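Participant: Make a model of this:
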Amino acid sequence: MSDVVTSAGVLIGLVLVLFTGYAILDPALAIARRSTPRLAVPVGSVIVGGAQAAVMPQTSPSGWHIIGHTNVALFDPHRDEPSTLAPGDIVRFTIEDVWL
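Facilitator: You can find the predicted model right below:
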């Protein structure tokens with residue numbers, strides 16, 4: 001995982017909305033899920049598992065890798081356009097900071 005982020009500098013996801021907040025990644029970026037799931041992944045965490053990426057809509061368990069965080073809500077039923085992403089959108093994950 002870190003090799004992909006370090007060598008590329010960005011991860012690009014092609015958004016095919018399966019359901020709100022989930023996107024399909026370029027298959028070259030697919031990463032196996034964690035062997036042991038976390039019990040609580042915080043809301044707003046940007047996560048990757050297999051060839052999918054998502055933003056956690058609420059704190060919950062997950063076996064996916066956390067690659068970052070966002071304060072952007074991908075779905076809000078009170079907006080004119082409830083979903084932030086639409087089929088065919090391209091999402092670029094960029095490195096803003098590194099924590100060890």
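
Participant: What is the burial count for residue 89?
Facilitator: Residues lying near residue 89 (other C-beta atoms under 10 Å) number 14. Every C-beta, even on glycine, is put in place using the N, C-alpha and C of the backbone.

Participant: er, residue 87 I mean
Facilitator: Using other C-beta under 10 Å: residue 87 sits among 11 other residues.

Participant: Look up phi and psi at it.
Facilitator: Note on residue 87: its backbone torsions stand at phi -50, psi 130 [degrees, to the nearest 10].

Participant: State the pLDDT value of it.
Facilitator: We have a pLDDT of 72 for residue 87.

Participant: With residue 2 instead?
Facilitator: The per-residue pLDDT reported for residue 2 equals 45.

Participant: got it, and residue 91?
Facilitator: You'll see residue 91 listed with a pLDDT of 74.

Participant: Please apply the same query to residue 35.
Facilitator: 94.

Participant: With residue 23 instead?
Facilitator: Reported pLDDT for residue 23: 69.

Participant: Residue 19 now?
Facilitator: Here the pLDDT value assigned to residue 19 is 50.

Participant: repeat for residue 60
Facilitator: Residue 60 carries a pLDDT value of 89.

Participant: if I look at it, how far off is residue 47?
Facilitator: Applying C-beta to C-beta, to the nearest Å, the value for residue 60 to residue 47 is 11 Å.

Participant: so what sits against both of those two?
Facilitator: residue 41 (C-beta atoms under 8 Å, 6 or more residues apart in numbering).

Participant: Which one's more surrounded, the two?
Facilitator: Taking neighbours as other C-beta under 10 Å, residue 60 and residue 47 compare with residue 47 leading, 22 against 13.

Participant: Ignoring the adjacent residues along the chain, who's closest to the more buried one?
Facilitator: residue 64 (4.0 Å; C-beta to C-beta, 6 or more residues apart in numbering).
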